[in-house]
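Participant: okay, predicted coordinates and the sequence, questions at the end:
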Amino acid sequence: MAGTPLIPGKAVDTYLFALYDEDLKPGPGSERSFGLFKPDLTVAYDVGLSKSSQSPTTPKTPASPSPKSKKAAAWCVPKSGVSDAQLQDNLDYACGRGIDCGPIKPGGACFEPNTIASHAAYAMNLFYQTSDKNPLNCDFSQSATLSSNNPSKFSQNTLP
């Protein structure tokens, strides 16, 4: 939502106290009714977070292109100097989150070069790309960065 009824079109920073109402807090306190969703996962307060949300009071303002949308394509790559142990942790994390790591297994299309750095770069970038390109999904304990250089021909010498 952009703005309020009094000031439409102006972004408002918001803090979400609780996503779900829950009955685990002791006493009759008011904190138990601040969740956006009820325990049965139905919407308690429609703030436009669900795909099916159609809030008629939300002003429709044309989306302005963000500065990020004008940037060149980005890839998530390991930072230079990252240890093989950290790269292996990143590889395990990304592949453990459901991305297809088959291409970097023996016989796969991206198996060569057969290095931990190359395989980690593949997995980290695929994780980032399949997570709506959210920059938070290219952190990997501060061992990765976004790059405008396509890592398809990845080598240790091309790390940022």
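Facilitator: Looks like it arrived, so ask away.
Participant: now do the helices in the chain.
Facilitator: For the chain, applying DSSP state H gives helices covering 84-95, 116-129.
Participant: got the ones you listed as a markdown table, with mean neighbour count, distance to residue 74 and mean pLDDT columns?
Facilitator: Bear in mind the C-beta positions are built from the backbone N, C-alpha and C, glycine included. Formatted as a markdown table, the helices of the chain follow (neighbours: other C-beta atoms under 10 Å; distance: least, C-beta to C-beta, whole Å; pLDDT from 0 to 100):
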| stretch | mean neighbour count | distance to residue 74 | mean pLDDT |
| --- | --- | --- | --- |
| helix 84-95 | 18 | 16 | 95 |
| helix 116-129 | 24 | 8 | 93 |
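Participant: now those helices as a markdown table including distance to residue 43?
Facilitator: Formatted as a markdown table, the helices of the chain follow (distance: least, C-beta to C-beta, whole Å):
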| stretch | distance to residue 43 |
| --- | --- |
| helix 84-95 | 32 |
| helix 116-129 | 30 |
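Participant: what's the closest of these to residue 8?
Facilitator: helix 116-129 (34.2 Å; C-beta to C-beta).
Participant: now what about the closest one, what contacts it?
Facilitator: Outside helix 116-129, the residues that touch it by C-beta atoms under 8 Å, 6 or more residues apart in numbering are 75-78, 84, 87-88, 90-91, 93-95, 97, 99-101, 103-104, 110, 134, 137-138, 140, 144, 146, 151, 154-156, 159.
Participant: CA atoms of it as PDB?
Facilitator: Presented in PDB, the C-alpha positions along helix 116-129 are these (Å, rounded to 0.1, in the frame of the first residue of the first chain):
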ATOM      1  CA  ILE A 116      34.100 -26.200  -5.000                       C
ATOM      2  CA  ALA A 117      34.100 -22.500  -6.100                       C
ATOM      3  CA  SER A 118      32.400 -23.200  -9.400                       C
ATOM      4  CA  HIS A 119      29.800 -25.500  -7.900                       C
ATOM      5  CA  ALA A 120      29.100 -23.100  -5.000                       C
ATOM      6  CA  ALA A 121      28.800 -20.200  -7.400                       C
ATOM      7  CA  TYR A 122      26.200 -22.200  -9.400                       C
ATOM      8  CA  ALA A 123      24.200 -23.200  -6.400                       C
ATOM      9  CA  MET A 124      24.300 -19.800  -4.700                       C
ATOM     10  CA  ASN A 125      23.300 -18.000  -7.900                       C
ATOM     11  CA  LEU A 126      20.400 -20.400  -8.600                       C
ATOM     12  CA  PHE A 127      19.200 -20.000  -5.000                       C
ATOM     13  CA  TYR A 128      19.200 -16.200  -5.400                       C
ATOM     14  CA  GLN A 129      17.600 -16.300  -8.900                       C
END
